[in-house]
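Enquirer: no sequence for this one, just the structure:
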């Protein structure tokens, strides 16, 4: 998946080997980031159509997403994306941390996130106008903390603290809303994947 261009590194990205579990985590975070950042084009849908699930809840959700990628056109998904996230005035969902935590945009959760980003080498690209607490941007941030895209890989306790303060505090609710959204067909399994992955991450940080 293409990386969302909300954030970029202050230093050159560091290429480091990841173990299989972290590689899977990064792939899921980046897949979610890409699908939340923009409507997928036909090339992305073709890639998604090749995914295969398994008998787990997460595997079934991935299988459902793959099926939707086969059955729907890029135009269909674009229409759905606009209804869900853009709309006339606003979409069915508002995918920002401040909104979920306070009911308003640009509130204290965003200020706290910005304060946490700077020491980790994360900053918003100048051409991006959306606040940094967009769900897609946070998915990219988590991927970067794991794989070193912001200069160095962060230890698990740093990943955990960032996740729990800025991501896990609200994004599971957002993903459950997405899975149940009235206008969601393609994005319903995206929501299920996100909700299940969030639960897995949260539990994993306790191990």
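Expert: In hand now; what should we look at? Note that this is a predicted model, so its numbers are computed, not measured. Residues are numbered from 1 along each chain as shown.
Enquirer: Quick check: chain neighbours aside, which residue is closest to residue 168?
Expert: residue 202 (5.4 Å; C-beta to C-beta, 6 or more residues apart in numbering). C-betas here are computed from N, CA, C, even on glycine.
Enquirer: Please apply the same query to residue 160.
Expert: Nearest non-adjacent residue to residue 160 (C-beta to C-beta, 6+ apart): residue 205, at 4.1 Å.
Enquirer: That neighbour and residue 167, how far apart?
Expert: 11 Å (C-beta to C-beta, to the nearest Å).
Enquirer: on that earlier part again, give me the distance between the residue nearest to residue 160 and residue 71.
Expert: Per C-beta to C-beta, residue 205 is found 36 Å from residue 71.
Enquirer: Equivalent analysis for residue 194, please.
Expert: From residue 194 to residue 71 the distance is 21 Å (C-beta to C-beta).
Enquirer: same check, this time on residue 154
Expert: Relative to residue 71, and taking C-beta to C-beta, residue 154 is found at 39 Å.
Enquirer: One more: residue 135?
Expert: On the measure of C-beta to C-beta, residue 135 and residue 71 end up 25 Å apart.
Enquirer: likewise residue 64?
Expert: In terms of C-beta to C-beta, residue 64 sits 11 Å off from residue 71.
Enquirer: just residue 65 next, same as before
Expert: Distance from residue 65 to residue 71, by C-beta to C-beta: 11 Å.
Enquirer: So those two - more neighbours on which side?
Expert: Between residue 65 and residue 71, counted using other C-beta atoms under 10 Å, the more crowded position is residue 65 (22 against 12).
Enquirer: Now do the same contact list for that one.
Expert: 48, 51, 186, 189-190, 193 (C-beta atoms under 8 Å, 6 or more residues apart in numbering).
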